[in-house]
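Here is a sequence together with a model predicted from it:
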Amino acid sequence: MTKSGIAVTLFDVKAEETKLPGNLSREPENGPNPPNDTLSDESVKSAQDVFRVLVKAIKNLKLYLPNNPVHQRFLKEFHSKLAGHLEKFGDAVLTVGQYTLTLEDQTVYENINRLDSLAFKLFVDGVRQMTLMEGVTEEESGYLLEVLGRTGDSASSDDDLVTLLWQKNFHHIKFQILEDFFSDLTEGVSLQTSDSKAGFTNLIQSELKTPVVSKEESGQAESMKTLAAEQGRNNQFTQVFRLTEEEIASIKNEMKVETEKDLISEMIDIFYSVLQVEKEALFFSEMVDLLVGNTAHLLEEGDFIQLQKIVRLFVLLKEQIPPLPEAHVESLDRTIDVLGKSAYLDKVEKHINTLDDKHLSALCQFLGMLNSSSVPSIINLLGKAKVRKTRKALSDILVEFGRRDITPILARLQGGEWFVIRNLVQIIGQIGNLQAVESLNKLVQYPDDRVRKEVLLTLISVGKENEKVKGMILLFLNDRDVALRRQALQVIQIHQYEKALPILMKMIAAEDFSSREEDEKYLIFSAIGKLGKADLIPMLKEYLKPSFFFWIKRRQKEGRALCAVYALKKMETPQAAALLTEAKRHPYKMVGDLASKTLVEIQRTKERKELKNKNEP
């Protein structure tokens, strides 16, 4: 029977097992089906392409109303694909399986996810065959898309898929519906009851015609109906409605998956599917703008986990192969630039100090996917971060940006809070870029000691062998912080900055030298001994001369003599060793003891070197 363009065939899956008497078992009107021919690869690929477009159009329908231009464009594309396939290969008779749609035993669609499978949606509502006929109109394509896309959203229990298909009055799309065998035999008056089955299924049953049979056949049929009705009543609940433990567990699991479904991730997947194939720049830009609108809301709420998923979508689209049109890539670049502006990232500030590890990681992933133009905004966030792990995470991001382009970071060294400047100097040190030397030169005299300390450490790590860096390190010899002066002296001595010798000589000749701390004086003379030559021996010999007059002068003389011993220790020459031997008999006990100890250390160092040279091949 045909009703409003839908071909309906009622049959029972158990018909093969129950042999009906007489003429009750009949062949289809058109006789047995002819043997199937194997379809060409071209036909199968074409049908698969049709259903790929259909699935994308259905996903798109969840985002836009039917009258939206974007939806209309997808509808036209689906109709074009479908009509083209039918015109080239003829009518398509599709068999509906639980998770598949097959065309002459060739699978053209498959999805085992019950919540999302188009085949499963048709199968559970009794559709077993769908025929797409040549001449299908764009209106019919739209109706099919609307029904398949909207089923499951209806609030009415009567609006099952079969009813919705019947209401659309198709002429070039036909369906075969499976009905339960026992219902066919026992529900002769069920349409009159108030609790009868609603929808298109009842309409089909009410219009079935009783076949013309003989009296003998009629009696046999009546007997069979009675037997079937009794079996149906006995087995109604045990065979039809009873579920196994495995089925109950499966349903519960599917319900759990449904309730825990990440709707934003689903939305992102839909957008990704659409944007991958979108060719028109205007529609592409509109959809991207729609996503950006969602990111602003997520930023306000502090949901950085979902935010980074959306930005990752933009990055994946930029990097996809085959590449998107150039206009699309430019649109994505502009969008990512917008996400990195201060007006946008300032929304992060209210959440920056309350992030757990999971959201902090997501925020860092989001920021790391932005363009270099976002560096000033990220530095602003760094200035607002009070939690140490957050500052560390933001600094690591800036290091990665700085390795690609350090210019935006250097530009922020000109002003700002001292702790931001200090963090930026640390970042420059991790980057290790000598381009930063000129910018750091302006910070050698920075008012805050902590900033200057970071500058010195960064200079040492960036390029202690670089001549410009050496000159800047020498400036710290006159720093007002004694700790920085000591550190500079150690670097100069270890790396033998010969240009430091004149500066050191001026320092020991200055009137304020005596006011320096003893350990700094010893460091200065150690550096002089390391950098000096034999011409320093006369001066050091003069320093070793004792004084037996006033106590204060003696104290000064003793201090100078100790400094001379430190210098001689670093010279490592025969003249220096000879002078130290004389100093062993110095009248000042402290000087004599230090000279003796120094000679022992020099001798041990010499022996170690000789042993090392002897063992080397």
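Happy to help now that I have it. Numbering: from 1, shown residues only.

Tell me the helices and strands packed up against the biggest helix by length in the chain.
Looking across the chain with DSSP state H, the single longest helix is helix 589-615. Under the contact criterion of 3 or more C-beta pairs under 8 Å, 6 or more residues apart in numbering; DSSP states H and E, helix 589-615 touches helix 551-571, helix 574-583. For every residue, glycine as well, the C-beta is placed using N, CA and C.

Out of these, the one nearest Phe284 is which?
Taking C-beta to C-beta, helix 551-571 is the member of the helices and strands packed on helix 589-615 nearest to Phe284, at 71.0 Å.

sec struct for Lys386, please.
Of the three states, Lys386 takes coil according to DSSP: H, G, I helix; E, B strand; the rest coil.

Burial check on it, number of neighbours?
Number of residues near Lys386 (other C-beta atoms under 10 Å) recorded here: 8.

Touching, it and Glu349? I think so.
No: contact criterion C-beta atoms under 8 Å: Lys386 and Glu349 do not qualify, at 11.3 Å.

Ala404: neighbour count?
Residue 404: Arg, not Ala. Neighbour number of Arg404 under other C-beta under 10 Å is 9.

What residues does the spatially closest residue to it that is not a sequence neighbour make contact with?
The shortest distance from Arg404 to any residue other than its chain neighbours is 6.4 Å, reached at Ser372 (C-beta to C-beta, 6 or more residues apart in numbering). Ser372 makes contact with Phe401, Arg404, Asp405, Pro408, according to C-beta atoms under 8 Å, 6 or more residues apart in numbering.

show me what contacts the last one?
Spelled out, it's Pro408. When contacts are counted by C-beta under 8 Å, 6+ apart, Pro408 touches Ser372, Ser373, Val375, Pro376, Phe401.

contacting residues around stretch 306-318?
Outside stretch 306-318, the residues that reach it (C-beta under 8 Å, 6+ apart) are 264-265, 268, 271-272, 275-276, 288, 291, 294-295, 298-299, 324, 328-329, 332-333, 335-336, 339, 362-363, 365-366, 369-370.

neighbours around the residue nearest to Arg114 when sequence neighbours are not counted, how many?
Excluding its sequence neighbours, the residue lying closest to Arg114 (C-beta to C-beta, 6+ apart) is Phe120, at 5.1 Å. Residues lying near Phe120 (other C-beta under 10 Å) number 19.

Over to the one 5 residues further on?
Neighbourhood size, Asp125 [other C-beta under 10 Å]: 21.

And Met267, by the same measure?
By other C-beta under 10 Å, neighbour count at Met267 equals 19.

buried sites along the strand or helix carrying Glu42?
Secondary-structure assignment from DSSP states H and E places Glu42 in helix 41-61. By 16 or more other C-beta atoms under 10 Å, the buried positions in helix 41-61 come out as 43-44, 46-48, 50-61.

For that helix, which helices and strands make contact with it?
Checking 3+ C-beta pairs under 8 Å, 6+ apart, helix 41-61 ends up next to helix 69-89, strand 100-103, strand 106-110, helix 118-124, helix 138-150, helix 263-277.

Please tabulate those in CSV, including the columns distance to Glu511.
Below are those laid out as CSV (distance: least, C-beta to C-beta, whole Å):
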stretch, distance to Glu511
helix 69-89, 83
strand 100-103, 97
strand 106-110, 93
helix 118-124, 93
helix 138-150, 92
helix 263-277, 73
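
Using a markdown table, lay out those together with mean pLDDT and distance to His172.
Converted to a markdown table, those look like this (pLDDT from 0 to 100; distance: least, C-beta to C-beta, whole Å):
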| stretch | mean pLDDT | distance to His172 |
| --- | --- | --- |
| helix 69-89 | 85 | 9 |
| strand 100-103 | 91 | 17 |
| strand 106-110 | 90 | 18 |
| helix 118-124 | 85 | 18 |
| helix 138-150 | 83 | 6 |
| helix 263-277 | 78 | 26 |
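
all strands for this structure, in order.
2-3, 6-7, 92-96, 100-103, 106-110, 127-132, 173-177 (DSSP state E).

Quick one: neighbours of the residue lying closest to Lys464 once chain neighbours are set aside, just the number.
Closest residue in space to Lys464, ignoring its immediate chain neighbours: His495 at 5.8 Å, by C-beta to C-beta, 6+ apart. Residues lying near His495 (other C-beta under 10 Å) number 14.

what's near enough to touch His495?
By C-beta under 8 Å, 6+ apart, the neighbours of His495 are Lys464, Glu465, Lys470.

would you turn those residues into JSON lines with neighbour count, distance to Leu355 and pLDDT?
Output for those, formatted as JSON lines (neighbours: other C-beta atoms under 10 Å; distance: C-beta to C-beta, whole Å; pLDDT from 0 to 100):
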{"residue": "Lys464", "neighbour count": "15", "distance to Leu355": "37", "pLDDT": "71"}
{"residue": "Glu465", "neighbour count": "7", "distance to Leu355": "41", "pLDDT": "75"}
{"residue": "Lys470", "neighbour count": "19", "distance to Leu355": "42", "pLDDT": "89"}
